[in-house]
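J.: Take this sequence and fold it.
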Amino acid sequence: MKKLLPLIILLLIPSTCIASYIIKLKSGSEIIVYSYWREGNKILFHYYGGTVGFPNDSIESIDELSEHSDFPN
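T.: Residues are numbered from 1 along each chain as shown. So this is what the prediction gives:
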């Protein structure tokens, strides 16, 4: 029973996937982030241990990457 309990718990916990987003800038650059948020007229996200922000008018689009999509080069 002691060996079976961890397996049961593992199966009952739903699998989680981490969503990824691709932020496309009007300059042509693309940045992949795990999450982002809006503050005022800026889009902010964590990147390499810091927080980065861009004004809304410099962003072309923000798209969610599907679980099975490949990351762009």
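
J.: Following element in sequence after the worst-scoring helix or strand of the chain on mean pLDDT, please.
T.: When the helices and strands of the chain are scored by mean pLDDT, DSSP states H and E, helix 4-12 comes last with a mean of 62. Downstream of helix 4-12, the first helix or strand assigned by DSSP states H and E is strand 20-25.

J.: Mind listing what's buried along that following strand?
T.: Of the residues in strand 20-25, those with enough neighbours to count as buried (16 or more other C-beta atoms under 10 Å) are 20, 21, 22, 23. Just so you know, the C-beta spots here come from the backbone N, C-alpha and C atoms, and that holds for glycine as well.

J.: who touches it?
T.: When contacts are taken as C-beta atoms under 8 Å, 6 or more residues apart in numbering, the neighbours of strand 20-25 outside the stretch itself are 30-36, 43, 45, 54, 58-65, 71-72.

J.: In helices, which of the residues you listed appear?
T.: Residues from these lying in helices, with DSSP state H as the criterion: none.

J.: For PyMOL, write the selection for the buried entries among the residues you listed.
T.: Only the buried entries of the contacts of strand 20-25 go into this PyMOL selection, using 16+ other C-beta under 10 Å:
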select buried, resi 31+33+36+43+45+54+59
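
J.: Sort out for me which of the contacts of strand 20-25 are in strands.
T.: 30-33, 43, 45, 54, 59-65 (DSSP state E).

J.: Among those residues, name the least confidently predicted one.
T.: Across the set of those, residue 65 stands lowest in pLDDT, at 87.

J.: do you know how far it is from residue 34?
T.: With distances taken as C-beta to C-beta, to the nearest Å, residue 65 is found 10 Å from residue 34.
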